[in-house]
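[1] sequence first, then the predicted structure, then my questions.
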Amino acid sequence: MVIKMTVPEFFERYEWVCEEVEPGIWRAVFADERDEEYDLFVAQTDEWLHFAISPLTPRPKAECAISLHEKLLHLNQSLRLARLALDDEGDVALLADLPLDDLRYTHFAAALDVLTGYTRRLAGELSRVATQPGYRSPLL
């Protein structure tokens, strides 16, 4: 038997605080080793739980956009359980989705672990690519 938990209960078990910013959408905040804070949004639809860390980087300078977009496309080939995307305003987001059918806490925790891990590994370097013209990351 699968026990159905709510999104706030999942966050509480993960030992994170969340707030419902509008019906069906929750926000939590976490920091990396450089004390940069990131917003993690979780939206529940009829069949899916959608995760988004947005924005992942500052908006790119015009002269950095092509280089950043190339890096995002290249990185998407190696990411597992997550993907990088651009929204309508040009913000970079790190996304993941889980089906609600048979959703368990372990799935939720794995998604948060993957998203926070990728954020800690990629956000700083991607931010430099987005804001420093000509920057070539040795880590990406």
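    Perfect, I can see it now. Numbering: from 1, shown residues only.
[2] okay, buried residues for the longest helix along the chain please.
    Determined from DSSP state H, the single longest helix within the chain is helix 105-131. For helix 105-131, the neighbour count (16 or more other Cβ atoms under 10 Å) marks 107-108, 111-112, 114-116, 118-120, 122-131 as buried. Every C-beta, even on glycine, is put in place using the N, C-alpha and C of the backbone.
[3] residue ranges for the strands of the protein, please.
    Secondary structure of the chain by DSSP state E: the strands cover 19-22, 25-31, 37-44, 48-53, 83-86, 92-99.
[4] and stretch 74-84, how far from the chain's centre?
    In terms of Cα atoms, centre = their mean, to the nearest Å, the centre of stretch 74-84 is found 11 Å from the chain centre.
[5] from here on, call the first residue 18.
    Sounds good: first residue 18 from here, last item stretch 91-101.
[6] got the CA coordinates for that stretch in CSV?
    The C-alpha trace of stretch 91-101 is given here as CSV (Å, rounded to 0.1, in the frame of the first residue of the first chain):
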residue,chain,number,x,y,z
HIS,A,91,25.7,20.6,-24.5
LEU,A,92,25.0,20.1,-20.8
ASN,A,93,21.5,18.8,-21.5
GLN,A,94,23.0,15.7,-23.2
SER,A,95,24.7,14.6,-19.9
LEU,A,96,22.1,15.6,-17.3
ARG,A,97,20.0,12.7,-15.8
LEU,A,98,16.5,13.2,-14.4
ALA,A,99,16.8,17.0,-15.1
ARG,A,100,17.1,19.4,-18.0
LEU,A,101,18.1,23.0,-18.5
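[7] contacts for that stretch, please.
    The contact list for stretch 91-101, computed with Cβ atoms under 8 Å, 6 or more residues apart in numbering, reads 73, 89, 109-113, 127-128, 131-132, 135, 139, 157.
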